[in-house]
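Undergrad: prediction below, plus the sequence it came from.
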Amino acid sequence: MSERLVDDNAAFYLVGGGIASLAAAAFLIRDGDVPGHHITVIEESAAIGGSLDAAGTPETGYSMRGGRMLESKYLCTFGLFSSIPTLDESKSVTQEIFDWNKTMKTSSKSRLFRDGHRVDAPKFGLSEKDILTLERLELEPEAMLGRSTIADQFDGSFFETDFWLMWSTTFAFQPWHSAVEFKRYLVRFTHMVSGFNTLKGIMRTVFNQYDSMVRPLQKWLEARGVNFRLNTRVTDLVFSPDKEIFTIESIVCEGNGHKESIKVGAKDFVIVTLGSMVEGSSVGSMDRVPVLKDKSDGGSWALWEKIAANRPEFGRPANFSDHIEQSKWASFTTTFRNPTFFRLVRDLTGNVPGEGGLITFPESNWLASIVLPHQPHFIGQPGTVEVLWGYGLFVDKPGNFATKPMSACTGREIMTEIMGHLRLGALADKIMESCTCIPCMMPFVTSQFLCRAKGDRPPVVPDYSRNLAFVGQFCELPEDVVFTVEYSIRSAQRAVYSLLGLTLAPPPVYKGRYDPRVLFKAFITLHGMSANV
């Protein structure tokens, strides 16, 4: 443990209950020797976990807004969870994940499902010009790309390739998203290009990420006395009058029908999760359409806007919150009480649940994809129940079978579309009778991918900050990539080490692009060649 430079009685207030705040609390305890009862996590909803959520019952149907991809080079994530026991305390969460992925290796035989048939290891279909553009983007400085979009960098034909179909649906990129973020993904995941068309290298948790990661972390924190204040919305941070140094003196919040001001002492610290990819989420049902909400339905964007007013050092939240048409999409979770659907998809794709990963329907006007995870996917899920997750990128286009835009569809209509692409025919009615599909509309889910420039995202610890740090998807971490658990956890680690003055640092981002073997494999794969390397 490194010597820390803060008072032994300092209190720590963590605004937001997502994985970034939970990780920050764990790093404070593990690496900073901060007593757990000195840490308070303030969350406006009734549950912690943020976007790593999961809920429901076999009878009413399970629901989860999504799940982030994991891979072996998430050094901050696995470093943290190597200290966190599983719920049964038989091993660490990290060891459980690695052990599980030795048994259940992702190896898709049906990454694309086209015209009623699986496409095994699809060819990328890139032109030489496309490949040269990809290589140029890996080398081009971010400052030169500025606010340009992915579409600004490529010809229209690039977006018709199977490479783009797989890339966009694996990571949820759209042509109008930031070329800088696209470049960062190219660089960050160079080592995964050679297995990209079979999803080789993508890792999964035993259960959904809430059950497998959030619940063990919450249990570990609670055992050490961390305080969780739920159903409490932070509406403002009050700064000292000093214009030269940013010091928070109090936290203004609302909860249980009354307002409160929490005094922040001279020796205390505040760590704030900026923005939210899942704020304003709306859940529908088999016969109810989820509604599209905006940033007024929640407090995270409002808080960022309030503290950033007249403080350019705190970023520009409107860049990410005011373009819902470019950041929204819908997901859905379907619970089956009859084995027919899973059995048919297993036979159609050649993969057992948990082995194949994402299945995308290229002919879908919604560009819909589904995942059949290993079952059970929820702790306590009965053996007679199976659960899938899916999503669509183009939610305002009419479906091919449902005929309505995905944004206007009930769960029943979404399943009609999915089963139509699978060509299930007469069996569809039987399947529909015994399933529950819960759709979810998320207005900000890819807002972190929107075009941006320097200064739109603030640093983890702003210059001249005495007791404030930012974490989550909307602070700036050079080299790493947003829309990942790793980004949130890396931001938390950096925030804690900086505020405590520890002589520690997060592990550097893995740079596979400097490994000749990785580059060679990527090169031959992009060109559609093969080699035994």
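TA: Right, received. Where do you want to start?
Undergrad: per-residue pLDDT of L519, please?
TA: Predicted confidence (pLDDT) for L519: 88.
Undergrad: number of nearby residues for it?
TA: 16 (other C-beta atoms under 10 Å). No exception for glycine: its C-beta is placed from N, CA and C like everyone else's.
Undergrad: ramachandran coordinates for it?
TA: Note on L519: its backbone torsions stand at phi -60, psi -40 [degrees, to the nearest 10].
Undergrad: W329 now?
TA: Torsion angles at W329 (phi, psi; degrees, to the nearest 10) stand at phi -160, psi 170.
Undergrad: near F394, how many other residues are there?
TA: A count of neighbours around F394, defined by other C-beta under 10 Å, yields 18.
Undergrad: next up, the contacts around it.
TA: N365, W366, L367, M406 (C-beta atoms under 8 Å, 6 or more residues apart in numbering).
Undergrad: do that again at 10 Å, thanks
TA: If a contact means C-beta atoms under 10 Å, 6 or more residues apart in numbering, then F394 has Q174, W329, A330, S364, N365, W366, L367, A368, P405, M406, S407 as its contacts.
Undergrad: got these as a markdown table, with secondary structure, distance to V93 and neighbour count columns?
TA: Output for the contacts of F394, formatted as a markdown table (DSSP: H, G, I helix; E, B strand; the rest coil; distance: C-beta to C-beta, whole Å; neighbours: other C-beta atoms under 10 Å):
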| residue | secondary structure | distance to V93 | neighbour count |
| --- | --- | --- | --- |
| Q174 | coil | 32 | 19 |
| W329 | strand | 29 | 23 |
| A330 | strand | 30 | 28 |
| S364 | coil | 35 | 22 |
| N365 | coil | 39 | 19 |
| W366 | coil | 34 | 28 |
| L367 | coil | 33 | 21 |
| A368 | strand | 31 | 27 |
| P405 | strand | 39 | 18 |
| M406 | helix | 34 | 29 |
| S407 | helix | 36 | 20 |
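Undergrad: hmm, which two among these are most spread apart?
TA: Maximum pairwise distance in those, criterion C-beta to C-beta, is 16.1 Å, between Q174 and P405.
Undergrad: what ranges do the helices span in the stretch 401-533 of the chain?
TA: 411-421, 427-433, 485-500, 516-526 (DSSP state H, counting those that start in this stretch).
Undergrad: next, the buried residues of the second one.
TA: Yep, that's helix 427-433 we're talking about. Under the neighbour-count criterion of 16 or more other C-beta atoms under 10 Å, helix 427-433 has A428, I431, M432 buried.
Undergrad: again with stretch 60-80
TA: The neighbour-count check on stretch 60-80 (16+ other C-beta under 10 Å) flags 61-71, 73-80 as buried.
Undergrad: what's the answer for stretch 447-467, then?
TA: Of the residues in stretch 447-467, 447-452, 456-462, 465, 467 count as buried by neighbour count, 16+ other C-beta under 10 Å.
Undergrad: now do the contacts for N231.
TA: Counted by C-beta under 10 Å, 6+ apart, N231 has contacts E43, E44, S45, A46, A47, E254, G255, N256.
Undergrad: these in strands, which ones?
TA: E254, G255 (DSSP state E).
Undergrad: of the contacts of N231, which one scores lowest on pLDDT?
TA: Comparing these by pLDDT, N256 comes last, at 84.
Undergrad: for that residue, which non-adjacent residue is spatially closest?
TA: Leaving aside its sequence neighbours, N256 sits nearest to N231 (C-beta to C-beta, 6 or more residues apart in numbering; 6.8 Å).
Undergrad: do E244 as well
TA: Y464 (6.2 Å).
Undergrad: F314 is in contact with that neighbour, correct?
TA: No: contact status for Y464 versus F314: not in contact, 11.5 Å apart, counting by C-beta atoms under 10 Å.
Undergrad: common neighbours of those two, please.
TA: Overlap of the contact sets of Y464 and F314 (by C-beta under 10 Å, 6+ apart) consists of F246.
Undergrad: quick check: end-to-end length of stretch 103-122?
TA: Terminal residues of stretch 103-122 lie 24 Å apart, using C-alpha to C-alpha, to the nearest Å.
Undergrad: where exactly do the strands run in the stretch 1-150 of the chain?
TA: Along the stretch 1-150 of the chain, counting by DSSP state E, counting those that start in this stretch, strands occupy 12-15, 39-42, 55-57, 61-63, 70-71, 112-114, 117-119.
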